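Q: Need coordinates for the below:
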Amino acid sequence: MNKVVSVRPLENYLLEIEFADGLRKGIDMQPFIGKGISAALEDESYFRQVSLEDGGGIAWPNGYDFCPNFLRDDVPAVNLQAA
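A: Predicted structure coming up:
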């Protein structure tokens, strides 16, 4: 199973994520923000409150979360150097 060991919020709703096997990946979270429970993340100061969750994924204080397998396998990576 995949596990996120580090998450760092960046500008423009980007996250830098590191997995237990050493893979680092940039993820653009904008497509996942805006409706329902995710609307709170439109506030960048709230977006920056992302943290690791016990199940190996990431989450925000309101319970909005992402499993590590989805983040690793299904969400396209973005180049953080160009972002």
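Q: residues of the helix ranked longest in the chain that come out buried?
A: Scanning the chain for the helix with the most residues, using DSSP state H, yields helix 68-73. Of the residues in helix 68-73, those with enough neighbours to count as buried (16 or more other Cβ atoms under 10 Å) are 68, 71-72. (Each C-beta comes from the backbone N, C-alpha and C, glycine too.)
Q: What distance do you get for the residue nearest the centre of the chain to P31?
A: The residue lying closest to the centre of the chain (Cα atoms, centre = their mean) is L15, at 5.1 Å. L15 sits at a distance of 12 Å from P31 (criterion: Cβ to Cβ, to the nearest Å).
Q: which stretch of helix or strand covers R8?
A: Per DSSP states H and E, R8 falls inside strand 4-9.
Q: again, but for I17
A: Short version, using DSSP H and E: I17 is in strand 14-19.
Q: With respect to E44, which of the buried residues of helix 68-73 is nearest?
A: Each of the buried residues of helix 68-73 was checked against E44 using Cβ to Cβ; the closest is L71, at 20.0 Å.
Q: what's near enough to touch that closest one?
A: 2, 4, 17, 25, 27, 57-58 (Cβ atoms under 8 Å, 6 or more residues apart in numbering).
Q: Any regions of the protein where pLDDT drops low?
A: Low-confidence segments of the chain (pLDDT under 70): 82-83.
Q: Mind jotting down where the helices sit in it?
A: 44-47, 68-73.
Q: Same list (these) but as JSON lines, adding distance to E11.
A: Below are the helices of the chain laid out as JSON lines (distance: least, Cβ to Cβ, whole Å):
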{"stretch": "helix 44-47", "distance to E11": "8"}
{"stretch": "helix 68-73", "distance to E11": "19"}
